[in-house]
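Peer 1: Okay, predicted coordinates and the sequence, questions at the end:
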Amino acid sequence: MMQDTYKVKGMHCASCAHNITKSLKKLPWVEECEVNIATDTAKLNFDPETVSIEDMNRSIEPMGYQLIGSAPKVDHSKMDHSKMSADEHAAHLGMNQTKDEKLEEIKGMKKNINIIIPFVVLSFVYMILDIWGKQGFFPEMSEWLYELWHHTFPLMATYVLFVIGKQYIIALWRFLKTGVASMETLIWLGTLVWFIYSFIVSAFEEVLAPYLDVSIHYYDVVIVVIGFIYYGKYLETKSKLKTGEAIEKLLNLQAKTAIVERDGKEMEISIEQVQQNDIILIKPWSKIPVDGIIASGSSSIDESMITGESMPVEKKEWEKVIGGTINKQWFLKIRATSLGSDSMLAHIIHMVQEAQWSRAP
């Protein structure tokens, strides 16, 4: 059996993750499938000789999803953030997009938010004037104001439903093809019914007047429902980016270089070249590059990145120091003990990434 994590394309909600899990678990020799909506990834345990990624894609592509290759493994022993490619950066952040692509997506969503929020506010104003006017709290709407709303709402609802809500149209089409529903399917099905009813009532007002109250329509409901859900999606996308940025900030805590003492000489090398038991020189107000034990000297160490405590901690010979913390006072020599993925910082990063997979009971 092989266990690997793959990037997933096309997920938008928790029901998408459920649909992918359910579909892939039906395949023979797929023992485990855990889909993470927060990072758009799927953790699979399967027999590669019996079932391939192509087989899995044939199972989920009709529903609009796709496994797009193994998620790159991140070697935390090589954390030179300044030299990362865009793809490496995306891998570190646990996203299927680079940070620039994610920011561009958020920028596009914000443009739509700036359009839809005024529509939602106008809808609320109309609802209040209409309901409270009929209850006698306000004077009822004049004829010209009612006609203005009557002709404006269909235009706003059409734009919201077919332009901003176009992803829901695609979801409904997939539902008709596969019979597998998601949250987006239900949203568009509901808003489409409201829209069609309102359109029929508006278009055939005189014909239907003897049978229905043609003054009632649901254009405002279409606008409000899609507006709130789209705004929620916008906040969710921003929160996903922040999840990745938490890991990015941790990566930036580590020093990029270290001054080591070898054969009686001092030399500055990259963090990847530091070896076990190397003697590293730590100047005052410099960052400690790796986990180690103080071989010579004593000083105050700022460990706030680990403990959150702003007061420096006194350290002397044979006491442990942690990579990423700051020497606040005197010159030190430390002996490197834990490097790369064995370091405290790497363990913290690993815990943050694992926490993204965890679920509440």
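Peer 2: Perfect, I can see it now.

Peer 1: going forward, measure contacts between C-alpha atoms and count neighbours the same way
Peer 2: Will do.

Peer 1: all strands for this structure, in order.
Peer 2: 2-9, 30-36, 41-46, 66-70, 257-262, 265-270, 279-282, 291-296, 299-302, 313-315, 320-321, 326-327, 332-338 (DSSP state E).

Peer 1: so where's this protein uncertain?
Peer 2: 69-99, 141, 243-247, 250-251, 353, 356-360 (pLDDT under 70).

Peer 1: same thing but 50
Peer 2: In the predicted model, the chain carries pLDDT under 50 at residues 71-96.

Peer 1: which residue is nearest the centroid of it?
Peer 2: Nearest to the mean C-alpha position of the chain, by C-alpha atoms, centre = their mean, lies Lys240 at 2.0 Å.

Peer 1: How about it, nearest residue that isn't a chain neighbour?
Peer 2: The shortest distance from Lys240 to any residue other than its chain neighbours is 6.1 Å, reached at Ala38 (C-alpha to C-alpha, 6 or more residues apart in numbering).

Peer 1: on that earlier part again, mind checking which of the strands of the chain is nearest Phe204?
Peer 2: strand 2-9 (43.1 Å; C-alpha to C-alpha).

Peer 1: which neighbours does the closest one have in its sheet, and in what orientation?
Peer 2: strand 41-46 (antiparallel), strand 66-70 (antiparallel) (DSSP bridges).

Peer 1: Isn't the residue nearest to Lys240 up against Lys238?
Peer 2: No. Counting by C-alpha atoms under 8 Å, Ala38 does not reach Lys238; the two are 11.1 Å apart.

Peer 1: Let me see the contact set for Thr41.
Peer 2: Applying C-alpha atoms under 8 Å, 6 or more residues apart in numbering, we find Thr41 in contact with 5-8, 35, 71.

Peer 1: same thing with Glu34?
Peer 2: Glu34 touches 21, 42-44, counting by C-alpha under 8 Å, 6+ apart.

Peer 1: Trp188 too?
Peer 2: Applying C-alpha under 8 Å, 6+ apart, the residues near Trp188 are 165, 168-169, 171-172.

Peer 1: roughly how far apart are it and Lys242?
Peer 2: Counting by C-alpha to C-alpha, to the nearest Å, the gap from Trp188 to Lys242 is 29 Å.

Peer 1: helices or strands up against the longest helix anywhere in the chain?
Peer 2: Determined from DSSP state H, the single longest helix within the chain is helix 99-135. When contacts are defined as 3 or more C-alpha pairs under 8 Å, 6 or more residues apart in numbering; DSSP states H and E, helix 99-135 sits against helix 86-93, helix 219-251.

Peer 1: Could you quantify the relative orientation of it and helix 219-251 as an angle?
Peer 2: 150 degrees (axes from the mean of the first three to the mean of the last three C-alpha atoms, to 10 degrees).

Peer 1: tell me which residues in helix 99-135 are buried?
Peer 2: 99, 102, 106, 109, 112-113, 116-117, 119-120, 122-124, 126, 129-130 (16 or more other C-alpha atoms under 10 Å).

Peer 1: Then stretch 44-61?
Peer 2: 44-46, 53, 56-57, 59-60.

Peer 1: what do you get for stretch 274-282?
Peer 2: 274, 278-282.

Peer 1: Mind listing residues that contact that stretch?
Peer 2: The contact list for stretch 274-282, computed with C-alpha under 8 Å, 6+ apart, reads 258-262, 288, 295, 327, 331-339.
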